[in-house]
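Asker: sharing a sequence plus its predicted fold:
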Amino acid sequence: MPVSRVSALGFYDTRTVTAFGFVDETFTDTTTYVQPSGFSAATNIGAVTATTNSPSLPSLSATINLGTVTPVGGATELPLTGVSATTAIGVAELVTPMTNIKIGSTTLTEIHVGGTRIYKAYAGPNLVWYQSQRTTQYRGSTSTQVGGTRRPGPLNIYYRRHVIGFTYTASELGSFGLISGSVISKLRWYAENPIGSSYSPLPNYMIRMMHISNGTISTNPTNLGSLSSSDDTNVKTFHNYDATASGYHEMTLDNNFTYNGSDAIGFIFAWGQNPTNYQSDGVSRLMPDGIVWATRTDTAGTYYVTDLASSGYTTANLTSSTNAQGRPVIEMYTT
């Protein structure tokens, strides 16, 4: 180590000093040298000093070119604020920081809290997480295939009253963008061919939703067999459904349904005998595969969501090729 000039040596005179010397030690340079790259400056960045922990850039004087800034996670924009060419670069902000989340791993790229995706903005010993609010919107199949006039669906009255059931699988729900904690508060379907006013409303209209473990595109939610269900919820209770409008028919649910992120969802629709008579109308959009299960009749009375839908309607048992699709397209409004 460096030694200052010695002008004198003295010893406390209680012992006899017989020798005095120094031990040679090998000097090891432990300085970490940092080579900055990609700087573009009008003048000079000055000397670069480094320690074993972090670089120090004294006398920084430059007009700095930041280059390309890459967004983190699912962020679509990374605005830079506080940039000053003569002082400091400032802070790059994604969105509002969330201070109430702690993660014990530096390898994750995102977490989910309810219907919100949260992306990691910085990977290091001190994790910083930022919230990117998930857009609230309808989620579901984009199929625009049109079923035939005799195809069971949410407003079909080829028979005057129905109970119908069908299932969306967990993989389908994931492809629609539903995640664990997604809260479904509305449903809608598209009426390609609505029913006439003298046949409407459909009385005692009701909808039930449920989680089904291992549910498939062919599962009958009214008769599950060896499969189990949970969270059976009457999301829409008895009401009169006016089915005469063209385009989307939307229903705000009486009881929201929260998706668990891992199971299939079963849907059951049921209603009572509509007024006047049956009609070869009430056509909606359908999925290209799977089975819709139905029990239907023209007789007076009401079907309930607790009744069985016993007939499976697939390509094989339909009366025409125009009916050769599967389950109804039901879009789900989630937060």
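Answerer: Looks like it came in fine.

Asker: the bottom helix or strand of this protein by mean pLDDT?
Answerer: When the helices and strands of the chain are scored by mean pLDDT, DSSP states H and E, strand 91-92 comes last with a mean of 40.

Asker: neighbours of Thr144, how many?
Answerer: Thr144: 10 surrounding residues under other C-beta atoms under 10 Å. For the C-beta atoms, the positions are set from N, CA and C on the backbone; glycine is no exception.

Asker: now do the contacts for it.
Answerer: Listed by C-beta atoms under 8 Å, 6 or more residues apart in numbering, the contact partners of Thr144 are 190, 285.

Asker: that's a strand at it, yeah?
Answerer: No: if the criterion is DSSP: H, G, I helix; E, B strand; the rest coil, then Thr144 is coil and not within a strand.

Asker: dihedrals phi and psi, it?
Answerer: Torsion angles at Thr144 (phi, psi; degrees, to the nearest 10) stand at phi -120, psi 10.

Asker: ok, now Ser175?
Answerer: When quoted as degrees, to the nearest 10, the phi and psi of Ser175 stand at phi -70, psi -20.

Asker: do the same with Leu155
Answerer: phi -140, psi 20.

Asker: can I assume it is in contact with His249?
Answerer: Yes: applying C-beta atoms under 8 Å as the test, Leu155 and His249 come out as touching, 7.0 Å apart.

Asker: the two: which has the busier surroundings?
Answerer: The neighbour comparison of Leu155 against His249 (other C-beta under 10 Å) goes to Leu155, with 27 against 19.

Asker: quick one, what contacts the more buried one?
Answerer: The contact partners of Leu155, by C-beta under 8 Å, 6+ apart, come to 189, 191, 194-195, 202, 241, 243, 249, 282, 284.

Asker: low-confidence ranges, the protein, go.
Answerer: 1-136, 315-325 (pLDDT under 70).

Asker: and if we set it to 90?
Answerer: 1-137, 144-151, 193, 280-281, 286-289, 312-326, 335 (pLDDT under 90).

Asker: helices of that one, residue ranges please.
Answerer: Listed in chain order, the helices of the chain (DSSP state H) span 170-176.

Asker: which segments of it make up each domain?
Answerer: Per the record, the chain has its domains at 59-134, 138-334, by automatic domain parsing.

Asker: the last one spans what distance, first to last residue?
Answerer: Using C-alpha to C-alpha, to the nearest Å, the end-to-end distance of domain 138-334 comes out at 6 Å.

Asker: who wins on neighbours among the contacts of Leu155?
Answerer: Taking other C-beta under 10 Å to define a neighbour, the member of those with the most is Gly282, carrying 29 neighbours.

Asker: is it true that that residue touches Glu192?
Answerer: No: counting by C-beta under 8 Å, Gly282 stays clear of Glu192, with 9.5 Å between them.

Asker: contacting residues for the closest residue in space to Phe176 that isn't next to it in sequence?
Answerer: Excluding its sequence neighbours, the residue lying closest to Phe176 (C-beta to C-beta, 6 or more residues apart in numbering) is Arg139, at 4.3 Å. Contacts for Arg139 (C-beta under 8 Å, 6+ apart) come out as 176-178, 182, 331-334.

Asker: just Leu286 next, same as before
Answerer: Leu286 makes contact with 143, 145-147, 151, 153, 325-329 under the criterion C-beta under 8 Å, 6+ apart.

Asker: again, but for Tyr259
Answerer: Tyr259 neighbours (C-beta under 8 Å, 6+ apart): 173, 178-184, 211, 265, 334.

Asker: which of the residues you listed fall in strands?
Answerer: Secondary structure from DSSP state E places 183-184, 211, 265, 334 of these in strands.

Asker: just curious, which of the residues you listed is nearest to His162?
Answerer: Ile265 (19.5 Å; C-beta to C-beta).

Asker: shouldn't that closest one be in contact with Met209?
Answerer: Yes: shown here, Ile265 and Met209 form a contact pair, counting by C-beta under 8 Å, at 6.0 Å.
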